[in-house]
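Visitor: Okay, predicted coordinates and the sequence, questions at the end:
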Amino acid sequence: MGVPGLSRAFPGGGLPRGRLTAWMPQGGAMAILRATCHALLAAGERSAWIDGSGTTGPFWTEGPLLVRPAERINALRWSEGLLRCGGFALVVLAGVEPQGTETVRLSRASHEGGSAFVALTTSATMAALRVTSRVLPNSYEWHRGPFADPAAVRTAAIDVRVRAPGWNEGARVVLPVTPYDLRLSLDPGLADRRGVER
């Protein structure tokens, strides 16, 4: 899974291949799934991330194949194509909620291609596994500032619950928190020339 202590919560020790996993996004899901993608890459397998809502940071230069389709239907088409091709161990669909026959098509494509498929969704229709994760509000560990006040979050604990017919397990994992400074106008390597007359 890529996160120590998490594999025991999943039947078979990880995400099932050829099956749909519905992950209810309540906190920590993207961090855990990204770590899983990196673990698969380190093991020599491929993973893909379909970002249907454009919420991933712009600095994802390393890691899974990142697809940012402009429209919802294109996100579903990309997902189906990558699942059906059989060349990816894991395909994650974020920012798009498959519904009705869309879920059927994606589940069938996952089964045919043998890829593990995770949809960050609130609907668990046709899912082999239902996973919820949430950040525990009192679990933050802080870097202290010069006056001993909390300055920046160092780690956070995440409670993960995995459910399937005949299976109900949980795990608590601690993840490091990395600060992310988004520059709105300029690349950090460029000189700031705002206000200079032409």
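Guide: That came through fine.
Visitor: number of nearby residues for the closest residue to residue 151 other than its chain neighbours?
Guide: Spatial nearest neighbour of residue 151, excluding adjacent residues (C-beta to C-beta, 6 or more residues apart in numbering): residue 145 at 3.6 Å. Using the backbone N, CA and C atoms, a C-beta is placed for each residue, glycine as well. By the criterion of other C-beta atoms under 10 Å, residue 145 has 10 neighbours.
Visitor: Return the backbone torsion pair for residue 145.
Guide: With angles defined as degrees, to the nearest 10, residue 145 sits at phi -80, psi -180.
Visitor: what are the ranges of the strands in the protein?
Guide: Secondary structure of the chain (DSSP state E): strands at 20-26, 47-51, 65-67, 90-94, 116-120, 129-135, 141-144, 150-164, 167-176.
Visitor: average pLDDT for the shortest one?
Guide: Averaged over strand 65-67, pLDDT sits at 90.
Visitor: Run through this protein and note the low-pLDDT ranges.
Guide: 57-59, 179-198 (pLDDT under 70).
Visitor: gap between the residue nearest to residue 151 and residue 119?
Guide: From residue 145 across to residue 119, the span is 40 Å (C-beta to C-beta, to the nearest Å).
Visitor: Next: residue 82.
Guide: Taking C-beta to C-beta, one finds residue 82 at 13 Å from residue 119.
Visitor: can you check residue 150 too?
Guide: When residue 150 is compared with residue 119 (using C-beta to C-beta), they lie 35 Å apart.
Visitor: Please say which of those two ends up with more neighbours.
Guide: Of the pair residue 150 and residue 119, residue 119 is the one with more neighbours under other C-beta under 10 Å, namely 28 against 12.
Visitor: For the more buried one, give its distance to residue 76.
Guide: 10 Å.
Visitor: Now the common contact residues for the two.
Guide: 93, 98, 106 (C-beta atoms under 8 Å, 6 or more residues apart in numbering).
Visitor: Buried subset of those as a PyMOL selection?
Guide: Only the buried entries of the shared contacts of residue 119 and residue 76 go into this PyMOL selection, using 16 or more other C-beta atoms under 10 Å:
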select buried, resi 93+98+106
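Visitor: Contacts only, for the closest residue to residue 102 other than its chain neighbours.
Guide: With sequence-adjacent residues excluded and distances taken as C-beta to C-beta, 6+ apart, residue 102 is closest to residue 76, at 5.7 Å. For residue 76, the contact set (C-beta under 8 Å, 6+ apart) comprises 93, 96, 98, 102, 105, 106.
Visitor: For residue 28, grab the count of nearby residues.
Guide: 22.
Visitor: Nearest spatial neighbour of it, chain-adjacent residues omitted?
Guide: Closest to residue 28 by C-beta to C-beta, 6+ apart is residue 158, at 3.7 Å.
Visitor: That neighbour pairs with what?
Guide: Beta-bridge partners recorded for residue 158 (DSSP bridges): residue 135, residue 173.
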